[in-house]
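Engineer: heads up, no residue letters with this:
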């Protein structure tokens, strides 16, 4: 039993944050819904403290809004907020792509190709969860290889705002990002053409800004 250690408080906070964030992005907790720390703590099997800490982080990231002594609720989907987030995240993806392309290995490019195959199959099947997860995996290769931790943190912070709208559009019969655009990006990466990879990345994210309209 000596090997068993208490679970660090930060891990409980992170568990609560990830679970609540994912439920908001998936629409399981709808825009405008009031959330209560006691209720969510019970559902998550946690104490109220890590849930309150998760609430604070989600308020900071724009997924929750809070009025002291009154309510904490899910923010509405606001087009301007999504456009702003997409502009910032897109610019950072261009940055990491420019840095990462000369550093990519054959295994990195293969991982991107495999992720795009999963993405395309999920889009055809109407599986939004798998599609968006595969999309993240594809672009995360470039983020990881770039080694830019500040860009990675900012992308992780603002992407959920964009994902909420993508999921909504997908559920209404719309489409996710184009697998064809991904193929162009992967081809540019395989060729070591950073300039073309950045151009395609800009096109991908410009489409997401337009989606907000």
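Structural biologist: Great, that's in hand. Predicted model only: the values in this text are computed from it and were never measured.
Engineer: Every contact and neighbour count from this point should use C-alpha atoms.
Structural biologist: Will do.
Engineer: Please identify which helix or strand holds residue 151.
Structural biologist: Using DSSP states H and E, residue 151 sits in helix 149-171.
Engineer: list the helices and strands that helix packs on?
Structural biologist: Counting contacts by 3 or more C-alpha pairs under 8 Å, 6 or more residues apart in numbering; DSSP states H and E, helix 149-171 packs against helix 9-25, helix 79-100, helix 128-146.
Engineer: Just want the angle from it to helix 79-100.
Structural biologist: 130 degrees (axes from the mean of the first three to the mean of the last three C-alpha atoms, to 10 degrees).
Engineer: list the helices and strands the host helix or strand of residue 115 packs on?
Structural biologist: In this assignment (DSSP H and E), residue 115 forms part of helix 106-125. Secondary-structure packing of helix 106-125 (3+ C-alpha pairs under 8 Å, 6+ apart): helix 128-146, helix 179-190.
Engineer: buried residues in that helix?
Structural biologist: For helix 106-125, burial by neighbour count (16 or more other C-alpha atoms under 10 Å) applies to 108-109, 111-113, 115-123.
Engineer: between that helix and helix 179-190, how big is the angle?
Structural biologist: Using the same axes, to 10 degrees: helix 106-125 against helix 179-190 is 180 degrees.
Engineer: residue nearest the centroid of this structure?
Structural biologist: For the chain, residue 159 is the residue whose C-alpha lies nearest the centre (C-alpha atoms, centre = their mean; 3.8 Å).
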